[in-house]
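Visitor: Predicted model follows, preceded by the sequence.
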Amino acid sequence: MKEWEMSNDEWLLGEMNVYADSLPAPTGLVANIGAENEVTVSWNDMSSGEGYIEYSVQVSRFSDFRDVSDYGSPAIVDSFMESDNTFWMILDKGSYYIRVRAIDYTGEYGEWSTVITVDVPIAWMTGYEGTILGVEGMDDRLDTSNTRISEVTVNRNGYLSVQDGGKTRGIIVNSGGQMRLGDDWAVYTETYAIETVINDGGRMMVKGGYAQHTVINTGGEQTVYGVFSSFTFMEDWVGAYDTTVNGGTQTAIAASISRTTVNSGGLMVLHGGLVDSLTVNSGGIAKIYSYQAGKTATTDSTRFEITYFAGRAADMAINGGTAYLYDGTTADDTRIGSGGVMMVHAGAEAFDTTISTDGSLMVLAGGRATDSVLNGGSIHVATGGLIDGVSINSGKLYLYGGAILDGMVNVNGTVMLDDVTMNRGTLNLQLTSASAVSPMINDLSYLEGGELTVTVDAAPGAGIYVLAGNAGQYSQSISLKADSGTLGALTVNGDALNYGAYRYQLLLSDNSDLTLQISSSIVLAKPEYSVSTTEPTNQDVEIIAAFSADAVIREYSFDGQNWSAYQGKIILSGNGSVYFREGDGSGNYGPVASCIVNNIDKIAPEKPQLTASTQEPTYDAVLVTALFSADSVKREYSLDGRSWQTYTNPVAVTGNGTVYFRGTDAAGNTGVAQYEVSNILTVSPEAPSTVSLARSSYKKYNITLKWDKATTADKSIKIANYEISINGVIYTSKSTSFSLKNVDLGSYECMVRAIDSNGNVGKWSDVTTFTAVDETAPVVKITSVSVNGYDLILGWNGEDKKGDIISYSVKYDGIIREMLGGDASSMTLTLSESDVGKHKVEVIAFDGTNYSKAASKTVAVKDVTPPEQVTGLSVPVADSKYKAILSWHIGTDNSGKVARYEILLDNGKILKSTRTALSVSKLAVGEHTYQVRALDQAKNAGAWSEVQTFIVRDMTAPTSIKGKATVTGYSVGFELSGKDNSGEIAKYIVSCGDKVVETTSSSAVLDGFDPGKHSAVVVAYDAEGNASKAAKVTFTVKDVTVPEQVIGLSSSNVQDKNYKANLSWQVAFDNSGKIAQYEILLDGKFYHSSKPTLTTAKLTVGEHSYQVRAIDQTKNVGAWSEVQTFIVNDVTAPNKVSAKAKVTDNWVGIEWKEAKDNVGVTAYEVWFGESKDCMSLGYQLEANQFSCDFSGIDKGTWYYGVVAIDAAGNRSTLTTSKLTVKQELETAVPVELSVFPFQNDEQYSSGLLNLAAGF
């Protein structure tokens, strides 16, 4: 299990009311102090009847709540309510600060309420405070009812009973102590215990009362019994609140408990009933059983049978711990966090379970899980287990052999199947999490009979999605669904299904993966458009676009990059470009149409610049000349500001007044100027009469002026000539007519006046105006046309026989794309990728009146726009045959279709594919890179994609594994070798029995072998962890351990007539378990024995030493033992001494030869007496004395003998001889005799002979 710390407030209880914004602070917070220091806190309810809102209540003795930790652990209380907006507690005397905040369904906290203060005036507890029960205290048992008790310690043999309304706080129950809370089956007695601590060996029983804020430490036990009404389990009576199990055990029997937290080493066991809001942290265990009591109970003369109570866990959070559900139990709204495990056994069922990352739900045989949500963890369904209603957002669902899938399972993660019996229910694959690499179902061959459906989004992304692996034999159809319902059925490698803007097809890949390929079903075309005018204008231009009927997306852009939805006509108030495109909703777009508007001109030409022919006083007309701007295509003048005439030449003003001029550009913008003429003098009375040009005419560039002859007042004065003013140019004529031929285009203001012979000048006639209209169209010819990329380069020549060409219009497919001045002879027309194809280009000249015939050419524009850079390169995973599928997103090209793709694999050979996937094989182990670029039909190559790196894992195990063993003592060295496709072996693992060594080199050593024949196993691993077949290496370890030093050598001295010694020692220890023989070094001589004993004979008398060493079966020789000495005692008596006596009178002389002894005689004794049975010791002689004399021996028969004695005190056998003294003594000599024991059970009389003088 992984440790996962989670605060108590991270999991919420029940359903929560959802607030659009953060939860506001609770309002209306009030507190009331009742009897016995019961403080009730209430506030305005925030749930509004729409579900559950939780509240966190904090109570502190400090205004800053400093004694409440970051996780809300209370100094006094920090409790979660459900939907209840009241909370009560018992407080001791003092001042308290209270605040409340709400918690929404996501676990987010709202703002704290306004803090209120409560002053509790009296102390809560007074009775028995500080009492110690048990062997160390004064009392052993305390029975209370309706009494308040605080801070009592219950030790061994102590017993505390709280009944009938009793209340406790701060009780400590230690080892051997017991506490009982409540009456049997008594309800509503208000018997409770707060803040009880149960330590190792302590026990607490709750039966009818309730315990709150109990801490059960390691070895402590709390047992909670349910409360019954007519022996019906009362679920709403909660026997224990807010219990913390720190290594101890809480047991509930047919009871309700709430908000228990089980920490590491702790155990919560429910035997029937309800556990609500249980939290099982890392290392904690919860077990939920049903309860079958099989008991009877009698109350009010009525007999009830208590037989069965189901166990139920509601709102459980498993944060790294383990929960077990057994037969007949259920769990609702369980959340399994990281490291947490819930086991659903036979007959149990889990409802509405959410499994987060690294959490596990395990459904065993006969168990069931309904409506589970998998958010990164795993669900394991064993053989015989059943699961239905699963939503896999991420994570894995494992269905083991015989497990049953029933109902709908929505898959966004992975389903692992391993048996063909998954033949019920529906697997619905949510395509939002599918990829081009990992299948959502590991092995489709295991799904037989069950329905497989695929649900797609309303707008799925185009591409290839891997649904399942090993689908080569799959023959069932698959239902394709969307929010709108079932779209249709698909078969493997069958026909595609077109629905809406998308095309769906089931395809089997080369490695038997079942894939769903999604592409657009819409043929995307280039939008068409029309403009309100192509002529120059000073008004706004409207553009209307037309799209394909199936287009899902219709867009326009002013820069070709930032796109907006097309809602209707686009209005341009200035020149610019508008782009149009249509899309299929899958990220695919058709060719872009571009509309260039350059005919809007809202800037007026510059005002004409005016000059007069003279500013001096004059009788002549004043010529006013106008200089117009170059863009003034229409040039006019007016003498009244209302009626306008074409300006061709300077205007002759014959009378003072104002003349007006205006220039108009091609768009209709005008620049106006005026000139005031005030220097013309009045004509004298003698001047000739004024004539009229009424008979004048104009015909095709020729002006003919005719007038009547002028008259003078004095008939004698003749008319000398006439002055004709045509646009200010003065001509003279003697006659009354004047012709001006082949005039240029324009307006001609004509006047005439007479001059007499006296020089008098008549008044100018009224102006007669003629306009020379251009009646000859210009001519234009295209001289050159070429295309460079999307640049159309056009050249032409134009001429106009009358006037000048003032503008050229360049049309492209009938639409004016450019308007140029009359001096232009070439231009470059910028096209776009949407212009690929054949087009007609025309040039038309305009001289201000007439348009030339269009000069035209047909031009072919080739596609030179490469496809866009390919994206979405997958990270392929190679299979065991080193084969992988490279895939990428469909490329985008202006032509609407990519012809093929080039794949650069490992910067080597360029591969080709017409699809968005390519299978590559024989990949080398290691890192690979690939790039993809798209090519269109015109062979334009797009930019290479970003480099995608992938790793081909080595999936080939090493081979030819060999090992050579070299035994050194009990260590074995191994020389290892092998081959691997990667070139080297990463490591070897050599094992023999329980001995294992891992090495990255080609050698390894194992130590500590017992003697004997062994077989080691060598397995080689490459860098990817592929394991070779095991190679067996056999070797024999010889015993090289010498036996331990022999101890326990016997040291008893030898006392044996055969001089035989029995040497012994303790059995020696050898690692082989058996000693082959012992080697004994005795007095420098070696002996051998197979037993821990040795018998030696004929030892010499004296001190001996010996050592022993052990030799095992393999002739390993142990160290010599410590030297052990012993004494061989001399137990051999000297040989019998044969003595001879010589008698002379009363004198006896005795002599003998040196006696023989194995060691040597050290003394002789000479015995003498009157009988054999009573002899006295006459002499004790040294070893070198062999005779003695007795004198004063009386007459009679005497007996004598000599005894030889060696150093050990061994005595020879006394051999007696008889002699006779024939001569009597004069005085008898008394003899004092003693009896001495001798060997051979013989006794001799021994005494001192008081010999007479000379004896």
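Guide: Perfect, I can see it now.
Visitor: Low-confidence regions, the stretch 901-1050 of the chain specifically.
Guide: Of all residues in the stretch 901-1050 of the chain, none has pLDDT under 70.
Visitor: tell me the mean pLDDT over stretch 478-491?
Guide: Averaged over stretch 478-491, pLDDT sits at 80.
Visitor: Mind listing what's buried along that stretch?
Guide: 478-482, 487, 490 (16 or more other CB atoms under 10 Å). For glycine as for every other residue, the C-beta is placed from the backbone atoms N, C-alpha and C.
Visitor: do the same with stretch 256-265
Guide: 256-265.
Visitor: Contacts for it, please.
Guide: 8, 79-80, 218, 224, 226, 234-247, 250, 268, 270, 273-286, 321 (CB atoms under 8 Å, 6 or more residues apart in numbering).
Visitor: Restrict it to CA atoms and write it as PDB.
Guide: Presented in PDB, the C-alpha positions along stretch 256-265 are these (Å, rounded to 0.1, in the frame of the first residue of the first chain):
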ATOM      1  CA  SER A 256     -24.800   2.800  13.900                       C
ATOM      2  CA  ILE A 257     -21.500   4.600  14.100                       C
ATOM      3  CA  SER A 258     -20.500   7.800  12.400                       C
ATOM      4  CA  ARG A 259     -17.300   9.600  11.300                       C
ATOM      5  CA  THR A 260     -14.800   7.000  12.400                       C
ATOM      6  CA  THR A 261     -11.200   7.500  11.200                       C
ATOM      7  CA  VAL A 262      -9.000   4.400  11.100                       C
ATOM      8  CA  ASN A 263      -5.300   5.100  11.000                       C
ATOM      9  CA  SER A 264      -2.200   2.800  10.500                       C
ATOM     10  CA  GLY A 265      -2.600  -0.400  12.500                       C
END
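Visitor: to the chain's geometric centre, what's the distance from that stretch?
Guide: Here stretch 256-265 shows a centroid-to-chain-centroid distance of 30 Å under the convention CA atoms, centre = their mean, to the nearest Å.
Visitor: any chance you could map the strands in the stretch 401-550 of the chain?
Guide: 404-411, 414-417, 426-430, 451-455, 463-468, 478-482, 485-490, 497-499, 502-508, 514-520, 528-531, 541-546 (DSSP state E, counting those that start in this stretch).
Visitor: now the shortest one: how far from the chain's centre is it?
Guide: When you say that, I think you mean strand 497-499. For strand 497-499, the distance to the chain centre is 37 Å (CA atoms, centre = their mean).
Visitor: so where's the stretch 1151-1255 of the chain shaky on pLDDT?
Guide: Those would be 1226-1255, if you go by pLDDT under 70 across the stretch 1151-1255 of the chain.
Visitor: Cross the contacts of stretch 256-265 against helices and list the overlap.
Guide: Residues of the contacts of stretch 256-265 located in helices (DSSP state H): none.
Visitor: Mark which of those are buried, thanks.
Guide: Buried, going by 16+ other CB under 10 Å: 8, 79-80, 224, 226, 234, 237-247, 250, 268, 270, 273-286, 321, out of the contacts of stretch 256-265.
Visitor: Can you give me the first-to-last residue distance of stretch 763-773?
Guide: 29 Å (CA to CA, to the nearest Å).
Visitor: Give the buried residues for that stretch.
Guide: 763-765, 767-768, 770, 772-773.
Visitor: Tell me the one of those residues nearest E1151?
Guide: Relative to E1151, the closest of the buried residues of stretch 763-773 is V773; by CB to CB it sits at 203.2 Å.
Visitor: Tell me if I'm right that the closest one and T849 touch.
Guide: Yes - if you go by CB atoms under 8 Å, V773 and T849 touch, sitting 6.5 Å apart.
Visitor: Now for the two: what residues contact both?
Guide: L745.
Visitor: Quick one: residues contacting the residue nearest the centre of the chain.
Guide: Geometric centre of the chain, nearest residue: T357, 8.5 Å, by CA atoms, centre = their mean. Residues in contact with T357 (CB under 8 Å, 6+ apart) are 338, 375-377, 395.
Visitor: Also R695?
Guide: 706-707.
Visitor: By neighbours, which of the contacts of T357 wins?
Guide: Within the contacts of T357, G377 tops the neighbour count with 25 neighbours, counted by other CB atoms under 10 Å.
Visitor: So that residue lies in a strand, does it not?
Guide: Yes - G377 sits within a strand when classified using DSSP: H, G, I helix; E, B strand; the rest coil.
Visitor: ok, it touching M362?
Guide: No - using CB under 8 Å, G377 makes no contact with M362, being 11.0 Å away.
Visitor: Pick the one among the buried residues of stretch 478-491 closest to S716.
Guide: A482 (114.9 Å).
Visitor: what sits against the closest residue to the closest one other than its chain neighbours?
Guide: Excluding the flanking residues, the one nearest A482 by CB to CB, 6 or more residues apart in numbering is V456, at 5.5 Å. Residues near V456 by CB under 8 Å, 6+ apart: 431, 480-482, 487, 502, 504, 518.
Visitor: a markdown table please, covering the residues you listed and showing distance to I910.
Guide: A markdown table is the format used below for those (distance: CB to CB, whole Å):
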| residue | distance to I910 |
| --- | --- |
| L431 | 33 |
| L480 | 37 |
| K481 | 41 |
| A482 | 40 |
| L487 | 39 |
| Y502 | 32 |
| Y504 | 32 |
| I518 | 28 |
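Visitor: And those, which is closest to I603?
Guide: Of all those, I603 sits closest to Y502, with 50.6 Å by CB to CB.
Visitor: For C595, give me its contacts.
Guide: With the criterion set at CB under 8 Å, 6+ apart, C595 makes contact with 529, 531, 543, 577-580.
Visitor: how close does Y398 get to T383?
Guide: Counting by CB to CB, to the nearest Å, the gap from Y398 to T383 is 12 Å.
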